[in-house]
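Engineer: The amino acid sequence is not available; the structure is as follows:
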């Protein structure tokens, strides 16, 4: 049986990680791995998370299953975080949410439900997008297409080309939108562009499918949810997938959600029954530990305040590193203008250098990044930024 399987191309990110681990150079720098890192290069456990986890463990008296939809406190907390506690869709009972194994699990669950609800639907993905969007949604049985998004030469969102492509989509098709901190380019939509897209989706009958994996890491918790909230105010149906990996540092706990906005309360109940059935068929029951931590943090006023402060520190560090890198590169007087990096948000940006220059950075200077020139800004710190800037300047000569 297994002899029929075909070899697969290596994963670009995992391949770079393997090369990095094999490099014996003491000063090697990894700008490829997609996790937040602090000034010491660690991915820390937040103090708010540690305190919530201890309280949960001390009080826990059972390891029995949670409901298929997951931890109710988590689901309620996520809904209020994404939409705002007083959002009309929440008050009207139009939102159905299930806890999922990470944001990837949320995309998978959403994909399978969408394929069940509308087998002929086409999902439009931004070009570029997070590479795992393709297999997750393809395996769910959905037909995928792409819309132009980032102009690599001008280092900005090509909004006109994006709208022109989406004007060709059919009613019932879905548009996957990065809620904030676009992965991999870091270039986000403005409020005005979100408003234009909402009007386009209304007019064309398109369904927004928002991947909100980095809420709180661009401008703020409410600010980063602007697009999802606007779409939910304007349209009868919206899908939002979230992750707690980044903004709470719960990577290995696999905590996420899939949230579905329907036109009516009755439809929302139907959606909840069907998405629970989908989840039952994929993984049966969700893990509880990470979701219980999030629920504790979101519903305990003291822990929530601590988390918001920690999140602000992470956000300010990322935005500060962007400016720091731009300033350091400017002092090297390279032939490229990197100022766009300071205007982008989240962990990722494209440097805009060639594949050959990326390989030189890796082989000659031991600075690792994806060959598309996508970097994780969080891999930079004040101890290595000079070397990173010197190395980039060297390959540009």
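Structural biologist: Alright, I've got the coordinates. Since the model is a prediction, treat every value here as computed from it, not as a measurement.

Engineer: Can you name the residues in contact with stretch 7-20?
Structural biologist: 28, 30, 32-34, 131, 362, 368-372 (Cβ atoms under 8 Å, 6 or more residues apart in numbering). Backbone N, C-alpha and C define where each C-beta goes, glycine included.

Engineer: wait, what's in contact with the residue minimising distance to the centre of the chain?
Structural biologist: The chain has residue 213 as the residue nearest its centroid, 3.0 Å off, counting by Cα atoms, centre = their mean. Applying Cβ under 8 Å, 6+ apart to residue 213 gives the contacts 103, 178-179, 181, 183, 241-243, 245-246.

Engineer: which one of the residues you listed is nearest residue 82?
Structural biologist: Proximity to residue 82 was ranked across those by Cβ to Cβ; first place goes to residue 242, at 6.2 Å.

Engineer: Please name the residues that touch that closest one.
Structural biologist: Taking Cβ under 8 Å, 6+ apart, one finds 78, 81-82, 103, 106, 212-213, 215, 256-257, 259 in contact with residue 242.

Engineer: Mind checking which of those residues are in strands?
Structural biologist: Counting by DSSP state E, these place 212, 256-257, 259 in strands.

Engineer: and of those, the nearest to residue 236?
Structural biologist: Closest to residue 236, out of all of those and judged by Cβ to Cβ, is residue 259, at 14.8 Å.

Engineer: List buried residues within the contacts of residue 242.
Structural biologist: 78, 81-82, 103, 106, 212-213, 215, 256-257, 259 (16 or more other Cβ atoms under 10 Å).

Engineer: Which helix or strand contains residue 209?
Structural biologist: If you go by DSSP states H and E, residue 209 is part of strand 207-212.

Engineer: quick one: the helices in the stretch 201-350 of the chain?
Structural biologist: 221-224, 226-234, 265-282, 289-299, 301-331, 340-343 (DSSP state H, counting those that start in this stretch).

Engineer: for these, which one sits closest to residue 119?
Structural biologist: The nearest among those, by Cβ to Cβ, is helix 265-282 at 13.7 Å.

Engineer: Mind listing residues that contact that closest one?
Structural biologist: Residues outside helix 265-282 that contact it (Cβ under 8 Å, 6+ apart): 68-69, 92-96, 98, 100, 105, 108-110, 112-113, 116-117, 258, 260-262, 286.

Engineer: Go again with 7 Å.
Structural biologist: Residues outside helix 265-282 that contact it (Cβ atoms under 7 Å, 6 or more residues apart in numbering): 68-69, 92-96, 98, 108-109, 112-113, 116, 258, 260, 262.

Engineer: So which bits of that helix are buried?
Structural biologist: In helix 265-282, counting by 16+ other Cβ under 10 Å, buried: 267-268, 271-272, 274-276, 278-279.

Engineer: what about it, average pLDDT?
Structural biologist: The average pLDDT within helix 265-282 is 98.

Engineer: Same check on stretch 54-72?
Structural biologist: Averaging pLDDT along stretch 54-72 yields 96.

Engineer: The residue nearest to residue 161 when sequence neighbours are not counted: neighbour count?
Structural biologist: Nearest residue to residue 161, sequence neighbours excluded (Cβ to Cβ, 6 or more residues apart in numbering): residue 148, at 3.9 Å. Residue neighbour count, defined by other Cβ atoms under 10 Å, stands at 17 for residue 148.

Engineer: Quick check: bridge partners of residue 148?
Structural biologist: For residue 148, the beta-bridge partners are residue 127 (DSSP bridges).
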